[in-house]
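1. predicted coordinates and the sequence they were generated for:
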Amino acid sequence: MADAGSPTRKDANTASKTITDTIVGEHTHTIVGYSLIKGIGDGEPIASERFTVGGHEWVLLFYPDGKRSSSSDAQLGDAAAMHHAAAAVPPPAIVGQGQGAPGAPALPPVPHAAAGGVAAAPAAAYGAGADGDGPAGAAAGAAGAAAPAAGAAAGAAGAAAGGAVAVQPGAAQHHAHPQGMQMQAAQAMQLARMAPPGRRDTTNEYAALFVALIGEGPNPQGVVNTNEGKVVRAFHRFTLVDQTGQGRDLTKGRTREAGAVKISCARQDPNARNCHGYRKFVKRNILEDPARGFLMNDTIIIKYTIELVVSSGGALSRSSNPTKAELIKVPPPTIGKDLAELYHSGQNSDYVIVVEQDGVEEELKVHRMLLESRSPFFRGMLESNMAEAQQGRFVVRDMLAPVVKAVLFFMYTDELPEELQGNNLEVPMAQHLLAAADMYQLTRLRRICERRLCESVDVETAATTMALAEQNHAEELKRVCLDFVSRNLAAVMQTDGYRHMTRSCPNLQAELLQVIASTGPAAVPGVHDRHRPSGQHVRRLEDAAEERRVRQRREL
């Protein structure tokens, strides 16, 4: 016992803090071809791409023909849908609690409709009782199945439709015994099998819209352990965009006063409530009304916003560390853009390319080190004792200035300027660039030009392009041109390009003959007799080839 006069010991003061905030994410989903998805059937969704918020993967599900929850509508389905619904009856403990709640649709890729248009998913059926207030379905459907005779049929039908079924108070507790529930489920399934087969129903006057939690990343946030399992809480807002620009968007969402919606992280549990949305999101006649502006050019635009509730601090937090950022967004590479700016500015340049054309010189300031690193041609020249290396300038006389500038831009950025990319690259420019790529030994640029020229081979350009390919070591392009000319020889022979080819690259005539001989005239599709080379022309080609061989032997 402490003496009365001894000092009193006081434990250290402690403090803690719990911080709850939201992570906001947005996703816009555009549906083009709305008229083509009408009639897809009740319970059949059009899904967006996956998107990530708070380390969780989500997907939007738009039901153009609606998503029913009424048990009476389930009779439109066939016996297969009823069978799946009976298989979805939850364990007796859940039914015994009588916890039917509003619900959400099955997740992709599970959603598929039976012939009657009722979304039937093995071991999973979800519905939305009160419009838009979250998950439900299987438990309520099972409670209905536990009721006598007519109630059993309604319960199975309600489960098949994924919908909530009204149950009299105490009904669930009355039939909570496992054996009794199994008997009632068997009766429900038997009644469902007796239901007449229907056809896909598209008479729902509402289109439905839901969001589903479908996966997790390495650092999911906002996960809370509850007696219902692991869940996340969030506020969701769905917007159908007015495309006229008048701001008459249609928006539905959960308010702060109503509290955040719980969504289960247990994707494998058929009873998990992992969707949220609205069965009666918008009437179809309103959606399709041209005056509303929701449907324009057969396109609708849906915007979705989520505020994921995240807490940090406290003994029950998932981790004692502070909540990490959702994602560290890594920007795309910018070295190409940065080097393009360096090329255009000429800052700290130490070499000059001079383009001489019609007696006029244009100087382009460049960086010697970059030329050496990108082009074997420049590396060999600048590391030698040549005058170009000593004087710090290189004069280009046989290329147009736009071609030289495009080549230099490519050497800096490894791509052509935007105005020369794709189909913007005209055939004449591609031909000039191919010659430059061969001279400066830029393999990637050569392949870009070859591909563009292959795409544009026609009767007028084939022979010229073939000669260009021969002169600039573009073997793939040459092969394509040889094949094309051999199949269209009569028409190509009438062009100026063919006459240019025979003068500049006479050896190509012999190669052309070899291609024709290997394929055979009969094997060339689309070439009629009148289009085939005449015997006189073939003899001229053979004579020219023989003359070249004789001349080469004499020179030796």
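-> Happy to help now that I have it.

2. quick one: low-confidence residue ranges for the chain.
-> Low-confidence segments of the chain (pLDDT under 70): 1-11, 69-203, 267-272, 316-327, 520-556.

3. need phi/psi at residue 382.
-> Dihedral pair for residue 382: phi -80, psi -20, per degrees, to the nearest 10.

4. actually, residue 217.
-> Torsion angles, degrees, to the nearest 10, at residue 217: phi -90, psi -170.

5. which non-adjacent residue is nearest it?
-> Among residues not flanking residue 217 along the chain, residue 55 sits closest, at 4.4 Å (C-beta to C-beta, 6 or more residues apart in numbering). The way it works is simple: take the backbone N, C-alpha and C, and place the C-beta from them, glycine included.

6. for residue 486, pull up the helix or strand it's in.
-> Residue 486 belongs to helix 475-487 when assigned by DSSP states H and E.

7. can you show me the CA trace of that helix as CSV?
-> Extracted C-alpha coordinates of helix 475-487, given in CSV (Å, rounded to 0.1, in the frame of the first residue of the first chain):
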residue,chain,number,x,y,z
GLU,A,475,13.2,-6.2,-101.0
GLU,A,476,9.7,-6.7,-99.6
LEU,A,477,8.4,-3.7,-101.6
LYS,A,478,10.0,-5.1,-104.7
ARG,A,479,8.4,-8.5,-104.3
VAL,A,480,5.0,-6.9,-103.9
CYS,A,481,5.5,-4.8,-107.1
LEU,A,482,6.8,-7.7,-109.1
ASP,A,483,3.7,-9.7,-108.2
PHE,A,484,1.4,-6.9,-109.0
VAL,A,485,3.0,-6.0,-112.4
SER,A,486,3.0,-9.7,-113.4
ARG,A,487,-0.7,-9.8,-112.8
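
8. from what I see, the residue nearest to residue 217 and residue 215 are in contact.
-> No - with contact defined as C-beta atoms under 8 Å, residue 55 does not count as touching residue 215 (9.9 Å).

9. for the helix holding residue 486, which positions count as buried?
-> By neighbour count on 16 or more other C-beta atoms under 10 Å, the buried set for helix 475-487 is 477, 478, 480, 481, 482, 484, 485, 486, 487.

10. verify the stated contact: the first one with residue 465.
-> I take that to be residue 477. Yes - counting by C-beta under 8 Å, residue 477 touches residue 465, with 6.8 Å between them.

11. more neighbours, residue 55 and residue 215?
-> residue 55 (22 against 14; other C-beta atoms under 10 Å).

12. and the more buried one, backbone torsions?
-> Backbone dihedrals for residue 55, given as degrees, to the nearest 10, come out at phi 80, psi 10.

13. check residue 213 too.
-> phi -90, psi 120.

14. and it, how many neighbours does it have?
-> Neighbours of residue 213 under the rule other C-beta under 10 Å: 26.

15. who does it bridge with?
-> Beta-bridge pairing of residue 213 under DSSP bridges involves residue 58.

16. residues contacting it?
-> Contact analysis of residue 213 by C-beta atoms under 8 Å, 6 or more residues apart in numbering lists 56, 57, 58, 232, 263, 264, 265, 267, 274, 275.

17. just the buried subset of those, written out for PyMOL, thanks.
-> Selection of buried members from the contacts of residue 213 for PyMOL, criterion 16+ other C-beta under 10 Å:
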select buried, resi 56+58+232+263+264+265+274+275
